[in-house]
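In: Sequence below, structure please.
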Amino acid sequence: MDGTLPVSTELAVSNAFTAAVLRMPTHQVGELAQPGGALYGIQHTHNGRIILFGGGYPLCIGGEVVGGIGVSGGTVEQDMRVAEPAVNFLRDVQCWAEEIQGALPARLAGATALPLLKEKLAHALADMKSRVSDNTVAALTGGVLLAMSHENG
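Out: Numbering: from 1, shown residues only. A predicted model of the protein is given here:
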């Protein structure tokens with residue numbers, strides 16, 4: 001981001017790393033790492049990559065942590081506000097995938113059906129745009145593709 005400190009890039013990566021490996025938001029890690037806390041001293045592990053302030057969140061699919069998102073460049077509160085919508089968006093995609101997965105016909109499970117499904121989905125969602133937000137359309141699209149990926153293996 002323009003105007004941020006150069007260190008923000010590395011902090012964002014470390015925020016994502018911390019959230020992913022500890023499977024919790026970095027602000028919670030910070031709370032547990034206070035003197036007397038269950039994780040006191042953890043910031044001295046992993047070559048100093050563990051972050052104790054907000055801006056990092058684990059990303060989950062199917063109840064499993066699959067990665068992390070880290071934001072840095074503003075205040076801690078701003079970084080958290082920027083990261084939270086991405087976490088919520090992935091959660092929405094997962095919800096749509098769970099709803100859709102059981103409804104997919106078997107013939108759509110093959111990879112050759114993907115271009116046709118994308119085309120039909122684009123037309124159906126274009127009709128919905130006046131009734132739902134762009135974020136909902138994007139989450140629904142992601143949910144369909146995630147559901148199809150579960151069907152394929």
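In: Please enumerate the helices of this protein.
Out: Along the chain, counting by DSSP state H, helices occupy 7-22, 26-32, 76-101, 114-128, 134-151.
In: Please identify which of the ones you listed is closest to residue 55.
Out: helix 76-101 (3.4 Å; CB to CB). From N, CA and C alone the C-beta is placed, and that goes for glycine too.
In: Let me know the pLDDT of residue 4.
Out: pLDDT recorded at residue 4 is 80.
In: contacting residues around it?
Out: Counting by CB atoms under 8 Å, 6 or more residues apart in numbering, residue 4 touches 72, 73, 74.
In: What values do phi and psi take at it?
Out: When quoted as degrees, to the nearest 10, the phi and psi of residue 4 stand at phi -90, psi 160.
In: ok, it to residue 134 distance?
Out: Remark: distance between residue 4 and residue 134 (CB to CB, to the nearest Å) = 27 Å.
In: Then residue 92?
Out: From residue 92 to residue 134 the distance is 12 Å (CB to CB).
In: Between these two, which has more neighbouring residues?
Out: Counted by other CB atoms under 10 Å, residue 92 and residue 134 do not tie: residue 92 has more neighbours, with 17 against 9.
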